[in-house]
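> model this:
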Amino acid sequence: MSGSEMHSKAVEVGEFIELDVKDDIINSARYNEDIAPTKASQRTWSQWNVAALWVGMAICVPTYTLGGVLTAYFGLSVTEALWTILVANMVVLIPLTLNAYPGTRYGIPCPVVLRASFGIVGSNVPALIRALVACGWFGVQTLFGGIAIHLLLSALFDSWAALGGAGEVLGFFIFWVANIWVVVRGAESIKHLETLAAPLLLIVAIGLVVWALPKVSLAEVMATPASRPEGASFMGYFMAALTAMVGFWATLSLNIPDFSRYARSQRSQIIGQIIGLPLTMFLFSGLGVLLTAASMELVGETVSDPINLIGRIDSPFWVVVSMLMIILATISTNTAANIVSPTNSFQNIAPKYINETKGVILTGCVGILLMSWELLKKLGWLDSDVSVESLYSNWLIGYSSLLGPIAGIMIVDYFIVRKQFYDLPDLYRDGGVYPAWNAAGLVAFLVPVGLTVVAITTGYLSWFYDYGWFTGSILGGIIYHFASRMLARR
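Below is the predicted model:
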């Protein structure tokens, strides 16, 4: 066998690039079969599968509460809040569709895409930052799913209801196992779950509207005035709220290649995302506003959490049905949005030692650790004033704003610096055209992050943090472009 035949090479198959793997890549420390490029035959997700993925991810408890967050914390009226959510999700489609391109063409997951802009080893820096955010969200969503399981079993068994907080903790671990099981079964399992969940979740949402509408005036809810100071500029409050809402899916704008690597075509990933994301987010957050307003009439007090609101329905049958749907909704969100990304990121550290199954288990364990304080509170073993709501509305969304520079760097690297070309075999080995550490990517990331930290700690440059995702992604992309050109001249 000749030397050329012993080396891996990229092969063009229609609009896709495949990797013809030989021993040089198989034996590389940067390769395993789980983060290997998908074959053309594995790229089976149609635009409807991609749309179902987004419906499954967008219909979740945090989305339900977004309208309330924008009215309570950002001073917007109900109408302004809903329009802000719609605009934000149209804006975030831009990095989502652009960063999906290399995943679809080359069949590679997010951490491997990052190897081009941050270096073969340096890719672990942004990948693990993204993974930590995902593990935090995984813990939060698993907590919600555990509460739903507890309420479901409480409606069926009085003995379970008597467990109280301990029942919620047991529900957490039951839900944890269900999530891990789905992802370990692979991408096709996630595709089938999302395709099944999407229409069912839409039916439940419509059912909740039918249940609530007779109890509330839609016109009155939409006319709820803004809570910001009288005479205050709308634009300042709007831009701060818009930044926070873009930050809600800023995480997925990085690791969208983890899913687009299974898309049938670029058209499928683009059309699927356009169909699935903005309208679902707008309608389900609007449902949250409607049901929160109706909750006083429905259960006697204002309840902004759909799980607890449904749990108070005086009908065990409907509680059971609704909780089953919420459990399905939360699994469909959690598996896709919060497990796949850190699983691939952990594999990227040491592919020969961490495969997909080990990455999933590691993700689950980190999620338990991040939620351990809340689980101990529910067991009565810890007293803390920190709430889960404050965790995901403050720390996680604020932390997500630090991911803006990574999105900007990825887009500029693929479309401008690399001109949509990767040396695919060299992404999986040391000593090729990609360095271990790409100084351009690291500088372009650290400068905006440094400015964000200065803004948070000193109060100077507060506008940079207030508009963090936009300022970070634009500045990161610009710095990366010029730094790459300077390094290329050396």
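> what ranges of the stretch 51-200 of the chain fall below the confidence cut-off?
By pLDDT under 70, the stretch 51-200 of the chain has no low-scoring segment.
> Look at residue 390 and report its pLDDT.
We have a pLDDT of 59 for residue 390.
> I meant to write residue 401 there.
64.
> With residue 4 instead?
For residue 4, the model assigns a pLDDT of 53.
> before we move on, what about residue 215?
pLDDT, residue 215: 74.
> which residue packs closest to it, ignoring adjacent ones?
residue 297 (4.2 Å; Cβ to Cβ, 6 or more residues apart in numbering). Quick note: C-beta positions are derived from backbone N, CA and C, even for glycine.
> did I read that right, the one you found in a helix?
Yes: assessed by DSSP: H, G, I helix; E, B strand; the rest coil, residue 297 belongs to a helix.
> separation between it and residue 103?
Going from residue 297 to residue 103 by Cβ to Cβ, to the nearest Å gives 47 Å.
> which one of those two has more residues nearby?
Counted by other Cβ atoms under 10 Å, residue 297 and residue 103 do not tie: residue 103 has more neighbours, with 26 against 11.
> Give me the buried positions along the longest helix seen in the chain.
When the chain is parsed with DSSP state H, its longest helix is helix 124-156. By neighbour count on 16 or more other Cβ atoms under 10 Å, the buried set for helix 124-156 is 124-127, 129-131, 133-155.
> where's the closest residue to residue 354 other than its chain neighbours, which helix or strand?
Residue nearest to residue 354 in three dimensions, not counting chain neighbours: residue 347, with 4.9 Å by Cβ to Cβ, 6+ apart. Element membership of residue 347 [criterion: DSSP states H and E] is helix 340-349.
> quick one: that helix to helix 124-156, angle?
140 degrees (axes from the mean of the first three to the mean of the last three Cα atoms, to 10 degrees).
> In terms of secondary structure, what does helix 340-349 contact?
helix 110-118, helix 124-156, helix 252-255, helix 257-260, helix 356-378 (3 or more Cβ pairs under 8 Å, 6 or more residues apart in numbering; DSSP states H and E).
> ok, now how distant is the residue nearest to residue 215 from residue 316?
On the measure of Cβ to Cβ, residue 297 and residue 316 end up 21 Å apart.
> again with residue 298
The value you get for residue 298 to residue 316, if Cβ to Cβ is used, is 17 Å.
> Those two - which one has more neighbours?
residue 298 (18 against 12).
> The strand or helix carrying residue 236 - contacts with which helices or strands?
Per DSSP H and E: residue 236 is located in helix 234-248. The criterion is 3+ Cβ pairs under 8 Å, 6+ apart, and the helices and strands that helix 234-248 contacts are helix 61-73, helix 78-91, helix 397-400, helix 462-466, helix 468-489.
> just those helices: most buried one?
Of all these, helix 61-73 carries the top mean neighbour count, a mean of 23, counting by mean count of other Cβ atoms under 10 Å.
> quick one, what contacts the nearest residue to residue 306 once chain neighbours are set aside?
Distance criterion Cβ to Cβ, 6+ apart; nearest residue to residue 306, sequence neighbours excluded, is residue 64 at 5.0 Å. The contact partners of residue 64, by Cβ atoms under 8 Å, 6 or more residues apart in numbering, come to 284-285, 287-288, 291, 305-306.
> if we can go back for a sec, now do the helix or strand following the longest helix of the chain: everything it contacts.
Next along the chain after helix 124-156, taking DSSP H and E as the criterion, comes helix 158-161. With contact meaning Cβ under 8 Å, 6+ apart, helix 158-161 is reached by 150, 153-155, 167.
> Now for residue 327, how many residues are close by?
23.
> wait, it sits on residue 145?
Yes: the criterion here is Cβ atoms under 8 Å, and residue 327 meets it with residue 145 at 5.9 Å.
> Find the residues that touch each one of these two.
With Cβ under 8 Å, 6+ apart as the test, residue 327 and residue 145 both reach 175, 178.
> Spit out the contact partners of the nearest residue to residue 417 once chain neighbours are set aside.
Leaving out its chain neighbours, the residue that sits closest to residue 417 by Cβ to Cβ, 6+ apart is residue 484, at 4.9 Å. Shown in contact with residue 484 (Cβ under 8 Å, 6+ apart): 413, 417, 440.
> go on, residue 381?
Residue 381 neighbours (Cβ under 8 Å, 6+ apart): none.
> for it, helix, strand, or coil?
Residue 381 is classified as coil under three-state DSSP.
> Could you tell me how far it is located from residue 367?
19 Å.
> How about residue 469?
For residue 469 relative to residue 367 (Cβ to Cβ), the value is 24 Å.
> so residue 43 touches residue 108, yeah?
No: taking Cβ under 8 Å as the definition, residue 43 is not a contact partner of residue 108, at 11.9 Å.
> Between these two, which has more neighbouring residues?
Legend: neighbour count by other Cβ under 10 Å for residue 43 and residue 108, higher for residue 108 (29 against 22).
> which residues does the more buried one contact?
35, 37, 102, 257, 261, 422, 424, 427.
> for the first one, phi and psi?
I take that to be residue 35. phi -110, psi 10 (degrees, to the nearest 10).
> Does it touch residue 345 like I think?
No: applying Cβ under 8 Å as the test, residue 35 and residue 345 come out as separate, 9.8 Å apart.
> Now for the two: what residues contact both?
residue 111.
> who has more neighbours, the two?
Taking neighbours as other Cβ under 10 Å, residue 35 and residue 345 compare with residue 345 leading, 31 against 25.
> before we move on, the earlier item: relative to the whole chain's centre, how far out is the longest helix of the chain?
On the basis of Cα atoms, centre = their mean, to the nearest Å, helix 124-156 sits 12 Å off its chain's mean C-alpha point.
> Also stretch 252-264?
Worked out by Cα atoms, centre = their mean, stretch 252-264 lies 11 Å from the chain centre.
> mind checking how far the residue nearest to residue 339 when sequence neighbours are not counted is from residue 129?
Nearest non-adjacent residue to residue 339, counting by Cβ to Cβ, 6+ apart: residue 183, 4.8 Å away. Here residue 183 is placed at a distance of 21 Å from residue 129 (Cβ to Cβ).
> With adjacent residues omitted, what lies nearest to residue 477?
That would be residue 408: by Cβ to Cβ, 6+ apart, it lies 3.3 Å from residue 477.
> Just the CA coordinates for stretch 37-57, please, in PDB.
The C-alpha coordinates for stretch 37-57 follow below in PDB (Å, rounded to 0.1, in the frame of the first residue of the first chain):
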ATOM      1  CA  PRO A  37     -17.300  13.700  10.900                       C
ATOM      2  CA  THR A  38     -20.700  12.300  10.000                       C
ATOM      3  CA  LYS A  39     -21.000  10.400   6.700                       C
ATOM      4  CA  ALA A  40     -23.300  11.700   4.100                       C
ATOM      5  CA  SER A  41     -25.600   8.700   4.800                       C
ATOM      6  CA  GLN A  42     -25.900   9.800   8.400                       C
ATOM      7  CA  ARG A  43     -27.200  13.300   7.500                       C
ATOM      8  CA  THR A  44     -30.900  12.500   7.500                       C
ATOM      9  CA  TRP A  45     -32.500  15.500   9.300                       C
ATOM     10  CA  SER A  46     -35.000  17.200   7.100                       C
ATOM     11  CA  GLN A  47     -36.100  20.800   7.700                       C
ATOM     12  CA  TRP A  48     -39.100  19.400   9.700                       C
ATOM     13  CA  ASN A  49     -36.700  17.500  11.900                       C
ATOM     14  CA  VAL A  50     -34.700  20.700  12.500                       C
ATOM     15  CA  ALA A  51     -37.900  22.600  13.100                       C
ATOM     16  CA  ALA A  52     -39.100  19.900  15.600                       C
ATOM     17  CA  LEU A  53     -35.800  20.200  17.400                       C
ATOM     18  CA  TRP A  54     -36.400  23.900  18.000                       C
ATOM     19  CA  VAL A  55     -40.100  23.400  19.000                       C
ATOM     20  CA  GLY A  56     -38.900  20.800  21.500                       C
ATOM     21  CA  MET A  57     -36.200  23.000  22.900                       C
END
